[in-house]
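Asker: Model the structure of this input:
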Amino acid sequence: MADVETLIVGGGLSGLAIADALHGAGRDFLLLEARDRFGGRIETAHSAGAAFDLGSAWFWPGQPRIAALIARLGLSPFEQFSDGIQLFEDAQGQVHRSRGFAAMQGALRVKGGLGAVTQALIDRLPEPQKLLNAGVAGIARAGDEIHVTLRNGDRLSARDVILALPPRLAADIAFAPALPDTVLRAMRDTPTWMAGQAKAVAVYDLPFWRDAGLSGDATSRVGPLVEMHDASPASGGPFALFGFIGIPPQGREDADALRRRISEQLGRLFGPQAAAPAQLFLKDWAFDPHTATQADSAPLYAHPVYCPLPGLGDPWEGLLHFAGTEVAPQFGGYVEGALEAAERAVAALGIAR
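Answerer: Residues are numbered from 1 along each chain as shown. As a prediction, this is how the structure comes out:
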């Protein structure tokens, strides 16, 4: 007899949503996460009572699943701040001011950060049914069961397994019998969204850029930050500016030097106060082994076209499923896509939401 009915591999938003659905349906499951925390590419830092997203941060109108989940969890969305003048730093380091449509105007964030969403889902799950530091090394079918070997040597068995993690990471698992070549090729060819990116969040006591009529939006051809936005909470402080780092990963290894360059650039763009943040958070997803592979070292400059992986077919006979935002057919690469993929995986198990 299997240890558990359904084993979910990956405790990001998609895996958490699947676990929440199974828990609500009274189904037996175990959620495995290789990290020492749940949340995946949603990671929220805290400073003086305010929350700042270091990974996924936004969702948009017209994305019904994340909006419904936020409402169901009793959380509050708010609109990205975008009022005021935008800045552009040209290749010579000259700063230009302009008015126009802000890049993230109309985007939505969550009070408490997206980490409030994942934490609320985590808190709903029984402790015995979630396990951290549980990376998967091998998955083998044995009749009507699937046997899973963890990296620490522990073994588990399940009736169904859902891989709720980026396909490139899942491709490193040893499968027996081996997955079809077409499936493995598709897994390795699927870019992991956000895996090559790095993000900086500079925290300040006062929103001095707003007082100067600036929106916090800026772009730069000099860097190291290439795109910046206001990252302040919905109300109150502390306040923040954040930016995406445009330097390739191999140029980001000296974190101290990178911090100095970021502070200097913020000072050039937003004034002397910006050069001395009270706190400067850096998160480099390219160096996160539970997110990125070597193939993900180059950041994505355009949104990939994501879609479900080709059918597994025999000999897995519907016992192995994929989830995660990279396999969502409509909203791949968004938090909405993580929930879309979770919805499809839950439906494949015959559970109606």
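Asker: can we go C-alpha only for contacts and neighbour counts from here?
Answerer: Noted.
Asker: where do the strands sit along the stretch 201-350 of the chain?
Answerer: 214-220, 225-230, 239-245, 279-284, 320-322 (DSSP state E, counting those that start in this stretch).
Asker: Of all the ones you listed, which one is nearest residue 97?
Answerer: Closest approach to residue 97 among those is made by strand 214-220 (9.0 Å; CA to CA).
Asker: separation between the residue sitting nearest the centre point of the chain and residue 286?
Answerer: With distances taken as CA atoms, centre = their mean, the residue of the chain nearest its centroid is residue 41 (2.6 Å). Distance, residue 41 to residue 286, using CA to CA, to the nearest Å: 11 Å.
Asker: cool, residue 271 as well?
Answerer: In terms of CA to CA, residue 271 sits 30 Å off from residue 286.
Asker: So those two - more neighbours on which side?
Answerer: The residue with more neighbours, out of residue 271 and residue 286, is residue 286; 24 against 15, by other CA atoms under 10 Å.
Asker: Am I right that the more buried one is in contact with residue 249?
Answerer: Yes - proximity of residue 286 to residue 249 meets the contact threshold set by CA atoms under 8 Å, at 6.5 Å.
Asker: Mind listing the shared neighbours of the two?
Answerer: 196, 297 (CA atoms under 8 Å, 6 or more residues apart in numbering).
Asker: The nearest residue to residue 150 once chain neighbours are set aside: neighbour count?
Answerer: Spatial nearest neighbour of residue 150, chain neighbours left out: residue 136 (4.4 Å); criterion: CA to CA, 6 or more residues apart in numbering. Using other CA under 10 Å, residue 136 has 23 neighbouring residues.
Asker: ok, for residue 201, nearest residue in space, not its chain neighbours?
Answerer: Residue 201 sits nearest to residue 242 (CA to CA, 6+ apart), 4.2 Å away.
Asker: What segments of this protein are helices?
Answerer: 13-24, 64-72, 114-124, 167-170, 181-189, 208-211, 255-270, 335-348 (DSSP state H).
Asker: wait, which of the ones you listed is closest to residue 105?
Answerer: Closest of the helices of the chain to residue 105 is helix 208-211, at 15.4 Å (criterion: CA to CA).
Asker: contacts for that closest one?
Answerer: With CA under 8 Å, 6+ apart as the criterion, helix 208-211 contacts 84, 215, 216, 270, 273.
Asker: any idea how far it is from the chain center?
Answerer: For helix 208-211, the distance from its own C-alpha centre to the chain's C-alpha centre is 29 Å (CA atoms, centre = their mean, to the nearest Å).
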